[in-house]
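> coords please:
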Amino acid sequence: MRRDVFNAIADPTRREILLSLTARKQNVNSLAERFDMTRQAVSLHVKYLQECGVITIQKEGRERICNLEANKLTEVADWLLPFKQIWEQRYAQLDQVLDQLKSKK
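Here you go, the predicted structure:
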């Protein structure tokens, strides 16, 4: 089964792991402390994220250090761009309506 960045962000736990890796690299144990689940369950999420290509894992001694590969997430940003443009247009229209209401006062 092919995994991609959209599979990575489909689960709230995986999204939370990605967010926590934006601050710094972390080992699996420190990631697991953030969740109300077993270390093994977090390890499975980490493995899934690695398979999706959004994190890399380096072995340092006995520890596995997880590092965010943020450039891979540009696929999501690119996909969301048309939706962002729609909302920006709607906000611009709302600004025009509000300006018209202010000028009527």
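
> longest single helix anywhere in this protein?
The single longest helix within the chain, with elements called by DSSP state H, is helix 74-104.

> Return the list of helices and strands in contact with that one.
Applying 3 or more Cβ pairs under 8 Å, 6 or more residues apart in numbering; DSSP states H and E, one finds that helix 74-104 makes contact with helix 5-8. For every residue, glycine as well, the C-beta is placed using N, CA and C.

> Can you classify Ile17 by secondary structure?
Classification of Ile17 using DSSP: H, G, I helix; E, B strand; the rest coil returns helix.

> what do you get for Gln58?
Each residue gets one of three states, and Gln58 gets strand by three-state DSSP.

> related to what we said a few turns ago, and the longest helix of the chain, average pLDDT?
This predicted structure assigns helix 74-104 an average pLDDT of 93.

> Pull the distance from that helix to the chain's centre.
What separates the centre of helix 74-104 from the centre of its chain is 23 Å, taken as Cα atoms, centre = their mean, to the nearest Å.
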